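Participant: Sequence and predicted structure are below.
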Amino acid sequence: MFKIPILFLTYNRIKCTKKSLSAILKIKPSIIYISNDGPKNNYLDKKKIEKIRNYFKKINKKIKVKEKYNIHNLGCKKTNLSALNWFFKNEEFGIILEDDCIPTPSFFSFCKVMLKKYQKNKKIFCISGSNFQNKRTITNSYYFSKYNHCWGWATWSDRWKFNNGDISFWPKFKTSYQWNNFHENKFEKKYWNKIFDKVFLKKIDSWAYPWTLSVWKQKGITVTPNTNLVKNIGFGKESTHSLFLKDSIRYLNNKKFKKKITYPKKITVDKIADNFVFKNHFKGHNYIWPYRLFFLAKIFLYNPLSFFRKLFKTY
């Protein structure tokens, strides 16, 4: 059995949950922590939650299952932060997957090797399952990045303890020498300033952005595989952040991951790779005029409701 603990973050998407859990169960995990947010105050949501929790009861009895089910809906940030704190209070390290992330078998073996290799190296904060480098070749089996992508990831409890979900340190950190010299250019810094300003003011309901900033404050680095090991199926019109399926997957590097792992000689962030991610994954160019005008026009044609949402929440 696969002995590394796994945290599975879920809500009310039964189809996504089934696909993701099926991929997890293929590696025969010894223990799974399941977090499930509570229903909102409507009949349909309650039925979806009930259906998902009943589905979890069908998990093989040989697998140890620990459950954290909310009675009421707490929302994405509070639920996931609470689940992660619960998970790392009980485990020294582990793998985290959300219900819309479909991991390959290689993802688990990669995390297993990396968790062991960098357990004592406090520079390394995360192990990601995502590669957004399109056709660009990475020489070794992985590279180092400042971006701790969370579409399937792993870390240790002694790194997670630095997470500050409310980023209470942000106003002071924003003016620090470390932050003002962290990014490659002023535009990238401006982009992230606006993101974290909104997170601090609770205008963005995200647990992932605070975790990213917490990692950056500690000068943490993320291990990133040379190909994509996790498929995200949470795109489309119902998605909060990723509306355009084709635009969102065209830059994924999907070449086959080799079983024999080759290691970088030095722990150095690949700046070229990170710049590509900023442009294509975070869509940094969509937040500066006139590019933003074309971006909003595209959203309006595809999903008018989302257009007005973004129009009044312009970063």
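Facilitator: Right, received. Where do you want to start? Numbers count the residues shown, from 1 in each chain.
Participant: Report the central residue of this structure.
Facilitator: residue 150 (1.7 Å; Cα atoms, centre = their mean).
Participant: what secondary structure does that one sit in?
Facilitator: With DSSP: H, G, I helix; E, B strand; the rest coil as the basis, residue 150 sits in coil.
Participant: wait, what's in contact with it?
Facilitator: 96, 98, 128, 208, 211 (Cβ atoms under 8 Å, 6 or more residues apart in numbering). In this view, the C-beta of every residue, glycine as well, is placed from N, C-alpha and C.
Participant: I'd like those as JSON lines, with secondary structure appended.
Facilitator: Listed next are those as JSON lines, based on three-state DSSP:
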{"residue": "96", "secondary structure": "strand"}
{"residue": "98", "secondary structure": "strand"}
{"residue": "128", "secondary structure": "strand"}
{"residue": "208", "secondary structure": "helix"}
{"residue": "211", "secondary structure": "helix"}
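Participant: Tell me the most packed of those residues, by neighbour count.
Facilitator: Counting neighbours by other Cβ atoms under 10 Å, residue 128 leads these with 28 neighbours.
Participant: separation between that one and residue 18?
Facilitator: 24 Å (Cβ to Cβ, to the nearest Å).
Participant: Pop out the phi and psi values for residue 258.
Facilitator: Main-chain torsions, residue 258, degrees, to the nearest 10: phi -80, psi 140.
Participant: what sits against it?
Facilitator: Residue 258 touches residue 141, counting by Cβ under 8 Å, 6+ apart.
Participant: Going forward, count from 54.
Facilitator: All set: I'll call the first residue 54, so the last point we hit is now residue 311.
Participant: and stretch 322-334, C-alpha only, in PDB?
Facilitator: In PDB, the C-alpha atoms belonging to stretch 322-334 read as follows (Å, rounded to 0.1, in the frame of the first residue of the first chain):
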ATOM      1  CA  VAL A 322      15.100  28.900  -9.500                       C
ATOM      2  CA  ASP A 323      14.500  28.700 -13.200                       C
ATOM      3  CA  LYS A 324      13.600  32.300 -14.000                       C
ATOM      4  CA  ILE A 325      12.800  31.600 -17.700                       C
ATOM      5  CA  ALA A 326      10.200  28.900 -16.600                       C
ATOM      6  CA  ASP A 327       8.700  31.200 -14.000                       C
ATOM      7  CA  ASN A 328       8.400  34.100 -16.500                       C
ATOM      8  CA  PHE A 329       6.500  31.800 -18.900                       C
ATOM      9  CA  VAL A 330       4.200  30.700 -16.000                       C
ATOM     10  CA  PHE A 331       3.400  34.300 -15.100                       C
ATOM     11  CA  LYS A 332       2.500  35.200 -18.700                       C
ATOM     12  CA  ASN A 333       0.500  32.000 -19.600                       C
ATOM     13  CA  HIS A 334      -0.900  30.700 -16.300                       C
END
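Participant: buried sites along it?
Facilitator: 323, 326, 327, 329, 330, 331, 333, 334 (16 or more other Cβ atoms under 10 Å).
Participant: do the same with stretch 316-323
Facilitator: Quick answer for stretch 316-323 (16+ other Cβ under 10 Å): residue 323.
Participant: Give me the contacts around stretch 251-267.
Facilitator: Here stretch 251-267 has contacts from 128-130, 133-134, 137, 200-201, 203, 215-220, 223-224, 226, 248-249, 366, 368, using Cβ under 8 Å, 6+ apart.
Participant: Helices of the stretch 254-368 of the chain, residue ranges please.
Facilitator: 261-270, 298-302, 324-333, 344-355, 357-364 (DSSP state H, counting those that start in this stretch).
Participant: Where among these is average confidence lowest?
Facilitator: Mean pLDDT is lowest for helix 298-302 out of the helices of the stretch 254-368 of the chain, coming in at a mean of 50.
Participant: rewinding a little: CSV please, covering the contacts of residue 203 and showing distance to residue 115.
Facilitator: Listed next are the contacts of residue 203 as CSV, based on distance: Cβ to Cβ, whole Å:
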residue, distance to residue 115
149, 22
151, 24
181, 30
261, 32
264, 32
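Participant: Just give me the neighbour total for residue 285.
Facilitator: Neighbour tally, residue 285, other Cβ under 10 Å: 20.
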